[in-house]
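A.B. asks: no sequence for this one, just the structure:
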Ligand SMILES: [Zn+2]
């Protein structure tokens with residue numbers, strides 16, 4: 001179960017506030033865990049409230065995490081660096097939101113409720129940021145080289161060494 005972190009999104013954006021921290025992957029919801037091969041590590045998150053060029057209130061959400069996803073070919077774990085940078089534009093009425101989305105198809109819009117759960121947003125961002133069908137370049141070999149090429153995590157390397165190779 002994930003603990004909610006609640007903010008008032010409009011106030012957060014109006015006051016140009018920011019919020020950052022580390023969230024253990026293990027504390028995120030099951031819907032995130034089901035896409036991962038293990039729940040080790042932490043997600044570094046950064047939220048910023050601001051007013052965009054159209055004077056709309058918005059939240060910028062940035063995530064950075066070393067995750068382990070499941071290779072869809074050999075079902076072994078593989079490291080994945082998640083880096084997301086998104087903007088969520090806040091609207092106070094469904095009408096305004098629909099209108100804005102019609103003008104800008106790429107707009108990520110949300111109705112501003114009195115309370116917004118930051119943890120749920122982080123979970124949504126992770127799910128959207130994960131590869132749909134991750135596969136090793138070469139199964140049985142690349143777990144190690146990927147782990148080395150990226151920020152080395154000695155435990156991941158050790159786990160990869162210990163894990164029996166299956167094709
Ligand atoms: Zn594989």
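C.D. replies: Arrived safely. Quantities reported herein were computed from a predicted structural model and do not represent experimental measurements. Residues are numbered from 1 along each chain as shown.

A.B. asks: use CA for all of it now, contacts and neighbours both
C.D. replies: Fine.

A.B. asks: Show the model's pLDDT score for the residue in the chain positioned nearest to the ion.
C.D. replies: In the chain, the residue found nearest to the ion is residue 139; the distance is 3.7 Å by CA to the ion. What the model reports as pLDDT for residue 139 is 91.

A.B. asks: any idea how far the residue nearest to it when sequence neighbours are not counted is from residue 102?
C.D. replies: In this structure, residue 139 finds its nearest non-sequential neighbour in residue 74, 6.5 Å apart by CA to CA, 6 or more residues apart in numbering. For residue 74, the distance to residue 102 equals 42 Å [CA to CA, to the nearest Å].

A.B. asks: the more surrounded of those two?
C.D. replies: Ranked by neighbour count (other CA atoms under 10 Å), residue 74 and residue 102 place residue 74 first, with 15 against 11.

A.B. asks: for the more buried one, phi and psi?
C.D. replies: phi -110, psi -10 (degrees, to the nearest 10).

A.B. asks: Next, the most centrally placed residue in the chain: secondary structure please.
C.D. replies: By CA atoms, centre = their mean, the chain has its centre lying nearest to residue 126, at 2.4 Å. Under the three-state scheme (DSSP: H, G, I helix; E, B strand; the rest coil), residue 126 adopts helix.

A.B. asks: Might one say that it is in contact with residue 33?
C.D. replies: No: under the criterion of CA atoms under 8 Å, residue 126 is not in contact with residue 33, lying 10.3 Å apart.

A.B. asks: Buried residues in stretch 96-109, which are they?
C.D. replies: 97, 100, 109 (16 or more other CA atoms under 10 Å).

A.B. asks: before we move on, back to that, give me the distance between the residue of the chain closest to the ion and residue 78.
C.D. replies: According to CA to CA, residue 139 stands 10 Å off from residue 78.

A.B. asks: which element is residue 40 on?
C.D. replies: Per DSSP states H and E, residue 40 falls between elements, in no helix or strand.

A.B. asks: Need phi/psi at it.
C.D. replies: When quoted as degrees, to the nearest 10, the phi and psi of residue 40 stand at phi -80, psi 170.

A.B. asks: Count the residues that sit near it.
C.D. replies: There are 16 residues near residue 40, going by other CA under 10 Å.

A.B. asks: contacting residues around it?
C.D. replies: 24-26, 67-68 (CA atoms under 8 Å, 6 or more residues apart in numbering).

A.B. asks: quick one, strands of this structure?
C.D. replies: Ranges of strands in the chain, per DSSP state E, are 6-7, 18-24, 36-38, 42-51, 57-70, 77-91, 109-111, 116-117.
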